[in-house]
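Student: please find the sequence and the predicted model below.
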Amino acid sequence: MSIVLSCPSCSTRYRADPHAIGLKGRRVRCASCSHVWTAEAEDPSDLPDLQPAPPEDEAATENKPHTAFRERQAKKRRTLSAAAAGGAWGGLAIACALLLTASWMFRVDIVTLWPRASSAYAAIGAEVNPYGFTVGELTVTRDNAHGVPLLVIEGTISNLDRRARAVPALRAILRDEESESLLEWSVGLQGPAVPAGQVRAFRTVVSDPPPASAQVEVVLVADAAPVHSMTPEAVAADTHAAPASAHSAEPDSGHP
């Protein structure tokens, strides 16, 4: 005599030996869907034989829900990690873009505070004037006062910055035909700050210039420090520093 078992998952039915099932039932596995359940006797019928599930398969099946849960959690962690990494790289890209924009907009201020940065801007083809001023065209004439020859130098400076700047220090230089310096003196500029985009005129006079003078150069200087003026008649405020921006002209041989 045999009994019939029906899989509660897929409804597949099997014929089984009642002695194999026992009075209290037995855990078996469906050959069709691998579902495991506790088998009990049913009415006999022409059905395939049922194979009892091995104990190790039973344990493996019971662990399947936990494995699936762990896999879902691991996938969720990977997704969150990828999102966090993407956000971090995106934030870094935005920060770099803002930094580059600021470094270009405030390039004059940056080079003013850190002059060595001018070489970095020059490397990308951007010449930055750290002083915010440029010297315009010079007018050089010769004069005579009570028999003493005079050299009169006139010109302008332009404020290239986007804000008002204090008047800079200037230095005038007389050079010979071989560009050797013959005489240097400081040009004193007074008055309020020069507004953005505005021009300020200057004039300086040197008496009894060296006869070999062939060229006049006016340069911007950065830091103030005392120097010796070669002629007391020069309109000057003593300063000493490295030249930043310059303009030169040849002295006019005639008299105004």
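Tutor: Structure's in. What do you need?

Student: where does the prediction get shaky in the chain?
Tutor: 1, 41-66, 112, 115, 127-130, 222-256 (pLDDT under 70).

Student: in it, what residue spans correspond to helices?
Tutor: Secondary structure of the chain (DSSP state H): helices at 18-21, 55-105, 107-113, 117-123.

Student: and the last one, how far out from the chain middle?
Tutor: Relative to its chain's centre, helix 117-123 lies at 15 Å (Cα atoms, centre = their mean, to the nearest Å).

Student: which of the residues in it are buried?
Tutor: The neighbour-count check on helix 117-123 (16 or more other Cβ atoms under 10 Å) flags Ala117, Ser118, Tyr121 as buried. (C-beta placed from N, C-alpha, C; glycine too.)

Student: near the closest residue to the second one other than its chain neighbours, how many other residues are there?
Tutor: Read that as Ser118. Closest residue to Ser118 apart from its sequence neighbours, by Cβ to Cβ, 6 or more residues apart in numbering: Val111 at 4.8 Å. Per other Cβ atoms under 10 Å, the neighbour tally for Val111 reads 20.

Student: ok, now how distant is Val111 from Leu99?
Tutor: Applying Cβ to Cβ, to the nearest Å, the value for Val111 to Leu99 is 16 Å.

Student: now Leu182
Tutor: Per Cβ to Cβ, Leu182 is found 47 Å from Leu99.

Student: same deal with Glu177?
Tutor: Glu177 is 49 Å from Leu99, by Cβ to Cβ.

Student: tell me how this structure divides into domains.
Tutor: Domain assignment of the chain by automatic domain parsing yields the ranges 3-53, 133-249.

Student: please compute how far the first one lies from its chain's middle.
Tutor: In other words, domain 3-53. Worked out by Cα atoms, centre = their mean, domain 3-53 lies 72 Å from the chain centre.

Student: one more: the last one?
Tutor: In terms of Cα atoms, centre = their mean, the centre of domain 133-249 is set 39 Å apart from its chain centre.

Student: any chance of TSV for the buried residues of helix 117-123, columns distance to Phe202?
Tutor: As requested, those are exported to TSV (distance: Cβ to Cβ, whole Å):
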residue	distance to Phe202
Ala117	29
Ser118	25
Tyr121	28
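
Student: and which of the residues you listed is nearest Phe106?
Tutor: Distances from Phe106 to the buried residues of helix 117-123, taken as Cβ to Cβ, are shortest for Ala117 (10.8 Å).

Student: wait, the closest one touches Val108, no?
Tutor: No - if you go by Cβ atoms under 8 Å, Ala117 and Val108 don't touch, sitting 10.5 Å apart.

Student: neighbour count winner among Leu182 and Leu99?
Tutor: More neighbours surround Leu182 than the other of Leu182 and Leu99, with 16 against 10 (other Cβ under 10 Å).

Student: I'd like the distance between the more buried one and Ser213.
Tutor: 6 Å.

Student: also Cys30?
Tutor: The gap separating Cys30 from Ser213 is 113 Å, by Cβ to Cβ.

Student: more crowded one of those two?
Tutor: Neighbour count, other Cβ under 10 Å: between Cys30 and Ser213, Cys30 has more, with 22 against 19.

Student: nearest residue to that one in space, ignoring adjacent ones along the chain?
Tutor: Nearest to Cys30 is Cys7, by Cβ to Cβ, 6+ apart, at 4.0 Å.
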